[in-house]
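Peer 1: 3D, please:
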Amino acid sequence: MWSGPRNLSTTMMRAFGARADVTAIDEPFYAAYLDLTGLGHPMVDEILARHEADPQKVIAHLTGPVPDGKAVFYQKHMTHHMLEAIPMDWLGRIEQHVVLIRHPARVVASYSRKMELLSAEVMGFPQQERLWGQLTAAKGAAPAVVDADNILADPEGVLRRLCAVIGLDWDSAMLSWPSGPRPEDGAWAPHWYDAVWRSTGFGAPPGPLPELSGEAAQIAQGALPGYERLLAAHV
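Peer 2: Purely as a prediction, here's the structure:
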């Protein structure tokens, strides 16, 4: 599952992680991304201490046997973590890829509440569309696309369609989960996952788009055409 930050990505990890046949991993390239860029993200020391920073070791884990004897290995990925120094030749070895999108205005508004540095790149907007092309080339077919607003408007309907597309039986367990932390949560969870930790299911349908100004508005407007191109292929 490929998305940018603040994109319903952790909620989707909760939904799939609620299935008995699934084991999940949370942003496995985050430590490598921080190690390669030297960025001072929140909790960087804890992230580098707890998570693997060698991309090749991460790739070996992602493409190896499914952990815990489960049938499905749900991998929550951030598009902006995939730097040029991180190989992408393993994409074809993953059976299914899904691209999770969200209206740029919602992403920018949410991200700006957690981080001061704003740019299209740190929120993964251009990387997501590039990755769409890489995934299409690697698999010989375009990956499924799901939109966060559509999911919140009709969680069961969208998840049922997504499961059918990727070859999973529907499981109503995906609609609810216990509140609080989960073992798969990354070391960064205390900074980012406060709302998810309080949740026991999908939130309310989305309201009006947030009003942005200045740099935030410019970033969202610049990302809108790419979002709309991907939206045209949504499940």
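
Peer 1: listing partners with orientation, what would you give for the strand ranked longest in the chain?
Peer 2: Identified as the longest strand of the chain according to DSSP state E is strand 72-78. Strand partners for strand 72-78, identified by DSSP bridges, are recorded as strand 2-3 (parallel), strand 22-26 (parallel).

Peer 1: scan the chain for its longest helix.
Peer 2: Ranked by residue count, the top helix of the chain under DSSP state H comes out as helix 214-231.

Peer 1: mean confidence for that one?
Peer 2: Average pLDDT, helix 214-231: 95.

Peer 1: ok, stretch 128-144 next?
Peer 2: Mean pLDDT, stretch 128-144: 93.

Peer 1: ok, now stretch 5-22?
Peer 2: Averaging pLDDT along stretch 5-22 gives 96.

Peer 1: same question, stretch 26-35
Peer 2: Regarding stretch 26-35, the rounded mean pLDDT is 98.

Peer 1: what residues are up against Gly180?
Peer 2: Trp197 (CB atoms under 8 Å, 6 or more residues apart in numbering). Yep, even glycine has a C-beta here, placed from its N, CA and C like the rest.

Peer 1: whoops, Asp147 was the one
Peer 2: 100-102, 231, 234.

Peer 1: adding neighbour count and secondary structure, write these out as a markdown table.
Peer 2: Converted to a markdown table, the contacts of Asp147 look like this (neighbours: other CB atoms under 10 Å; DSSP: H, G, I helix; E, B strand; the rest coil):
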| residue | neighbour count | secondary structure |
| --- | --- | --- |
| Leu100 | 25 | strand |
| Ile101 | 29 | strand |
| Arg102 | 26 | coil |
| Leu231 | 16 | helix |
| His234 | 17 | strand |
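
Peer 1: export the residues you listed as a markdown table, with columns for distance to Leu83.
Peer 2: Below are the contacts of Asp147 laid out as a markdown table (distance: CB to CB, whole Å):
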| residue | distance to Leu83 |
| --- | --- |
| Leu100 | 20 |
| Ile101 | 21 |
| Arg102 | 22 |
| Leu231 | 26 |
| His234 | 27 |
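
Peer 1: on that earlier part again, next one: the longest strand of the chain to chain centre, how far?
Peer 2: 8 Å (CA atoms, centre = their mean, to the nearest Å).

Peer 1: which outside residues touch it?
Peer 2: With CB under 8 Å, 6+ apart as the contact definition, strand 72-78 has outside contacts at 1-5, 9-10, 12-13, 16-17, 19, 21-30, 33, 62, 66-67, 94, 124, 168.

Peer 1: I appreciate the help and will end here.
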